[in-house]
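Enquirer: Return atomic coordinates for the entry below.
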Amino acid sequence: MPPEQQTSARTPVDQLAYMRLMKGYRGQDSADYSNVTPEQEREYCKAVVEKVFQLCAIERSDNEDCYNACVDKCVSTGVLRAKVWEEWGGYPDLSQKMARIAALTNQTGVYHLLDAETVVAAIAVKMNRTLKINGNDNVTTLLLKYKVFGLAHVSAKAWHIGDTKIIRTNKPYGKSTPPPVEDTKVSGIRQLDPNSKSDDTAQTMPETRAPSPQLEVGGIPGPLLWSSRGPVEMLLGDLEHLANVGNMDDTTRQKLRVLTLQAGHLFRNMEFKRRE
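Expert: Got it, this is the predicted structure:
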């Protein structure tokens, strides 16, 4: 078969492979957790949290208790069953905490973080490619602005059993100069120990590339619906996110969506040829 015919023949396969990564995919191999047993739901949540830990550079072996608490959070808030972002069981608590994080970060000039259970569960929900969004909600805006996902590894390192307080770091926000710790003690806030490894991490380590909010990830049914991607796929996901929530007219939005789909198809086709 001539090369051009081979390429043409592969096109539907490549396109399907990319479609499986797109939000709203409803093929026969899409995941459905509506009828899983409690035992199955917990096992799936374990796999999801494991993937979030990998994406956020959190070593499970060093944070086993934190991992178990995050699994509990995903189960109790219905991460697997979430269909709409604002209707997810953990959304009300997340919304309240993010409003407080925004106020405290602006007031003190240093980043404040979510507790590990909340941030891991939020990442897990955002990574679900079947999740429906209703525009660019305020919580998503705050998650992006205050780098809560990118500093999830710090939340894990600072985790204490039973402690779901907001975490104050020494990492400067913007160009502000952090005030003395003793001047910023607030009820319900836990200050990281300046001499602890966790606080050093918050001060000096770059944020990890956790999944940007509202990126669908994966392409495999079951718990691997949440899976890591290479840099090209992450860029495509960022473009899709921009097309979904960016401030633009409908014509521009549609053009961006088409270009994203075409770029994904081209990348898949190039990868297929490279492996020949």
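Enquirer: drop to CA atoms for contacts and neighbour counts, all remaining ones
Expert: Fine.
Enquirer: which residues in the stretch 1-150 of the chain form helices?
Expert: 3-19, 38-55, 64-76, 91-108, 116-126, 138-145 (DSSP state H, counting those that start in this stretch).
Enquirer: and the third one, average pLDDT?
Expert: Spelled out, that is helix 64-76. Helix 64-76 shows a mean pLDDT of 97.
Enquirer: List the buried residues for that helix?
Expert: Buried residues in helix 64-76, counted by 16 or more other Cα atoms under 10 Å: 66, 67, 69, 70, 71, 72, 73, 74, 75.
Enquirer: just the angle between that helix and helix 38-55, please?
Expert: Helix 64-76 runs at 130 degrees relative to helix 38-55, counting by axes from the mean of the first three to the mean of the last three Cα atoms, to 10 degrees.
Enquirer: Alpha carbons of helix 64-76, in CSV - could you do that?
Expert: Backbone C-alpha positions of helix 64-76 (Å, rounded to 0.1, in the frame of the first residue of the first chain) are rendered in CSV as follows:
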residue,chain,number,x,y,z
GLU,A,64,1.6,6.7,53.5
ASP,A,65,-0.7,8.1,56.2
CYS,A,66,-1.3,11.2,54.1
TYR,A,67,-2.1,9.0,51.2
ASN,A,68,-4.7,7.0,53.1
ALA,A,69,-6.3,10.3,54.4
CYS,A,70,-6.5,11.5,50.8
VAL,A,71,-8.2,8.3,49.7
ASP,A,72,-10.7,8.7,52.5
LYS,A,73,-11.4,12.3,51.3
CYS,A,74,-11.9,11.2,47.7
VAL,A,75,-14.4,8.5,48.8
SER,A,76,-16.3,10.7,51.2
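Enquirer: pLDDT-wise, which helix or strand of this structure ranks last?
Expert: Here the helix or strand of the chain ranked lowest by mean pLDDT, DSSP states H and E is helix 197-204, holding a mean of 42.
Enquirer: still on that earlier bit, let me have the helices of the stretch 1-150 of the chain in CSV, adding distance to residue 256 as columns.
Expert: Shown next, in CSV, are those (distance: least, Cα to Cα, whole Å):
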stretch, distance to residue 256
helix 3-19, 16
helix 38-55, 27
helix 64-76, 33
helix 91-108, 29
helix 116-126, 21
helix 138-145, 21
